[in-house]
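Engineer: Task: produce atomic coordinates for the following.
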Amino acid sequence: MIPGLWVVSLLGTGIFLHLLLTQSINRQLLFGAVLAFTVKYLFSASIFWSTYPVNFLPFELGFMQLFIIFIYWLTSSLWLGLGASVLVFARWVWDKFYSDYVNYWLWPIIALLWVGAEILGSFVFSIMTIGDGSYLNIAYSLGYSGYLLAEHDLLIQLSKLFGVYGLSLFFVALAGFGYFLVKRHLVPAVIFLCFLLFISSDWFWDNNSSVSGLGVVDVMVIDTNFASGEMNDASRLQQRQSLLKAVEVALNKEPDYLLLPEDAGFFLGTADENQNLKTKYENTDTTIIDSRTVMNGSKLNLEAYIYEGQTQQSSQIAKRYLVPQGEYMPYLYTGLFKLFGQDALVEYMEDYISYTVGDYTSQRSLGKETPAILFCFESFDPTGIKQLMQERPSAPFVAHPVSHAWFNQSEILWHQLDSMLRVQSLWSGVHIVTASNQGRSQVYTPTGKILDMEEIVVGKNWSLKKISIDTR
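Structural biologist: Numbering: from 1, shown residues only. Got it, this is the predicted structure:
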């Protein structure tokens with residue numbers, strides 16, 4: 001929530017480890033460990049509160065919206081926090097079978113199991129939020145300890161090894177080392193902590209985010225500021241006209257790639273409109289990456305629609321991972337909200353915001369020059385881009401269409417997503433280019449930097465930005 005205070009988390013983790021290793025094994029220790037992890041996630045999950053006031057529904061929730069947000073915030077953090085039980089179990093096993101060994105051997109085991117505890121929490125979360133749009137997974141990484149080290153331009157480089165998992169491992173090892181120094185040698189501990197604070201200073205490391213050298217490809221993105229939810233026909237028509245104008249301006253500048261925000265729906269016009277669009281873009285060499293909501297039987301899918309101007313071929317790729325915050329309704333919460341008389345909310349979500357994972361999620365068939373596609377909150381999956389690059393090792397970059405219309409300009413959300421994407425870009429060694437609706441469009445580089453794009457044209461509720469990136 002306050003990125004500059006990330007070092008404080010090392011102190012908290014040191015205290016946690018001290019209690020874990022010195023207190024008696026009982027229910028109180030188990031409760032305390034789960035509570036500590038739950039509180040850890042409560043801070044990260046505070047992004048849910050930025051959805052207040054809820055203004056994307058066609059009806060008023062009144063005071064109930066605070067209750068609904070609270071339930072999501074509290075229970076999501078609890079499901080993730082349950083993973084801490086692994087650490088208590090490990091302490092019990094150690095005391096029962098390995099108590100004759102020196103306690104220091106337990107430290108590396110605890111560091112490894114800390115990572116396992118976070119992964120287990122993600123798995124429990126997927127169980128408790130199961131629904132039509134989900135499956136059992138370990139993808140939900142909001143609040144992982146390793147992301148705290150992403151605040152440091154040197155330590156974040158460790159993510160090249162194992163992504164956020166490696167960062168979490170090193171985070172606990174660092175906290176454990178500090179605890180050892182404090183417990184055994186006061187002077188070295190003070191020196192260590194002072195050195196840590198020193199290298200954490202913003203001015204110690206060069207945070208220059210300028211582009212160096214000439215780029216190989218020109219990428220343009222369209223940023224939009226379109227409202228979400230139910231709108232009248234006039235509002236929808238105005239948004240459509242703004243989007244068409246933005247695309248026309250962009251194509252006239254002949255970029256190599258044009259990326260639109262998530263669910264922009266550029267290629268979902270009427271038959272006459274699509275014919276007019278085809279006349280305008282059939283001679284372009286630009287690759288256009290759009291995304292849209294489509295019906296798959298009675299279910300909603302979100303898919304990327306990729307039009308390659310040079311070959312005039314198109315491809316569709318379905319979103320492969322959905323989160324329960326606005327993309328589908330978990331069975332547990334459906335029953336809970338109906339119990340509290342929120343039938344209208346449940347029915348609306350099931351009818352209009354209940355997505356499922358599509359049948360065509362593999363990106364192996366895309367062309368060599370086509371970017372890989374990472375949809376909005378797929379960035380929560382620590383292995384999301386790694387999997388894409390295994391499917392598409394020659395992809396020039398990763399296109400990341402997002403929409404944050406539900407979150408009321410949340411700086412806390414944006415910063416956490418920045419950390420996730422920086423770590424993934426470093427781990428996978430690929431540029432990530434974002435196009436956003438009501439968010440921030442940026443480029444994440446394989447060196448861990450975040451680059452701003454040049455704004456070249458501004459229209460009504462949209463802007464056109466450009467950057468040249470070296471994809472070699």
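
Engineer: immediately after the least confident helix or strand in the chain by mean pLDDT, which helix or strand?
Structural biologist: Ranked by mean pLDDT, DSSP states H and E, the helix or strand of the chain with the weakest confidence is helix 271-281, at a mean of 66. For helix 271-281, the following helix or strand on the C-terminal side (DSSP states H and E) is strand 287-296.

Engineer: Following the chain past that next one, name the next helix or strand.
Structural biologist: Taking DSSP H and E as the definition, the helix or strand right after strand 287-296 is strand 299-308.

Engineer: how far out from the middle of the chain is that following strand?
Structural biologist: Relative to the chain's own centre, strand 299-308 is displaced by 20 Å; criterion: Cα atoms, centre = their mean, to the nearest Å.

Engineer: Quick check: mean pLDDT of that strand?
Structural biologist: Strand 299-308 carries an average pLDDT of 90.

Engineer: Run through the neighbouring helices and strands of that strand.
Structural biologist: strand 287-296, strand 313-318 (3 or more Cβ pairs under 8 Å, 6 or more residues apart in numbering; DSSP states H and E). (Each C-beta comes from the backbone N, C-alpha and C, glycine too.)

Engineer: The first one pairs with which strands?
Structural biologist: Going back to what we said before, that points to strand 287-296. Partner strands and pairing direction for strand 287-296 (DSSP bridges) are strand 257-259 (parallel), strand 299-308 (antiparallel).

Engineer: Sort out which residues of that strand are buried, please.
Structural biologist: 287-292 (16 or more other Cβ atoms under 10 Å).

Engineer: Same check on the shortest one?
Structural biologist: Going by neighbour count (16+ other Cβ under 10 Å), the buried part of strand 313-318 is 315, 317-318.

Engineer: Show me how far the next helix or strand after it is from its chain's centre.
Structural biologist: As assigned by DSSP H and E, the chain's next helix or strand after strand 313-318 is helix 331-339. Averaging C-alpha positions (Cα atoms, centre = their mean) puts helix 331-339 26 Å from its chain's average.

Engineer: separation between the most far-flung residue of the chain relative to its centre and residue 113?
Structural biologist: Distance from the centre of the chain peaks at residue 100, with 43.8 Å (Cα atoms, centre = their mean). In this view, residue 100 and residue 113 are 20 Å apart by Cβ to Cβ, to the nearest Å.

Engineer: do residue 228 as well
Structural biologist: In terms of Cβ to Cβ, residue 228 sits 41 Å off from residue 113.

Engineer: any idea of the pLDDT on residue 197?
Structural biologist: The model's pLDDT for residue 197 equals 63.

Engineer: Also the one 4 residues further on?
Structural biologist: Per-residue confidence for residue 201 comes out at a pLDDT of 55.

Engineer: Likewise for the one 5 residues further on?
Structural biologist: The model reports residue 206 with a pLDDT of 47.

Engineer: Equivalent analysis for residue 371, please.
Structural biologist: Reported pLDDT for residue 371: 95.

Engineer: Near it, how many other residues are there?
Structural biologist: Residue 371 has 29 neighbouring residues, counting by other Cβ atoms under 10 Å.

Engineer: Kindly report the same for residue 451.
Structural biologist: When neighbours are counted by other Cβ under 10 Å, residue 451 comes out with 15.

Engineer: Same question for the one 5 residues further on.
Structural biologist: When counting by other Cβ under 10 Å, one arrives at 13 neighbours for residue 456.

Engineer: what do you get for residue 27?
Structural biologist: Around residue 27 there are 8 residues (other Cβ under 10 Å).

Engineer: and if you look at residue 188?
Structural biologist: Neighbour count for residue 188, taken as other Cβ under 10 Å: 12.

Engineer: What helix or strand is it located in?
Structural biologist: Short version, using DSSP H and E: residue 188 is in helix 186-199.

Engineer: Please apply the same query to residue 108.
Structural biologist: Assigned by DSSP H and E, residue 108 belongs to helix 106-128.

Engineer: Return the helix or strand just after that helix as PDB; C-alpha atoms alone will do.
Structural biologist: Sequence order places helix 146-149 as the next helix or strand after helix 106-128, per DSSP H and E. In PDB, the C-alpha atoms belonging to helix 146-149 read as follows (Å, rounded to 0.1, in the frame of the first residue of the first chain):
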ATOM      1  CA  GLY A 146       8.400 -11.700  -3.400                       C
ATOM      2  CA  TYR A 147       6.700  -8.700  -5.000                       C
ATOM      3  CA  LEU A 148       8.000  -6.600  -2.100                       C
ATOM      4  CA  LEU A 149      11.600  -7.000  -3.400                       C
END
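
Engineer: Helix 146-149: how far from the chain's middle?
Structural biologist: 14 Å.

Engineer: So residue 451, which state does it fall into?
Structural biologist: Of the three states, residue 451 takes strand under DSSP: H, G, I helix; E, B strand; the rest coil.

Engineer: cool, residue 171 as well?
Structural biologist: Applying three-state DSSP: residue 171 is helix.

Engineer: Could you report the pLDDT at the residue lying closest to it once chain neighbours are set aside?
Structural biologist: Nearest residue to residue 171 in three dimensions, chain neighbours excluded: residue 145, at 4.7 Å (Cβ to Cβ, 6 or more residues apart in numbering). On pLDDT, residue 145 comes in at 96.

Engineer: just the one 3 residues further on next, same as before
Structural biologist: Residue 148 carries a pLDDT score of 94 in this model.

Engineer: Let me see the contact set for the residue lying closest to it once chain neighbours are set aside.
Structural biologist: Nearest residue to residue 148 in three dimensions, chain neighbours excluded: residue 6, at 4.5 Å (Cβ to Cβ, 6+ apart). With contacts taken as Cβ atoms under 8 Å, 6 or more residues apart in numbering, residue 6 has the following neighbours: 148-149, 151-152, 200.
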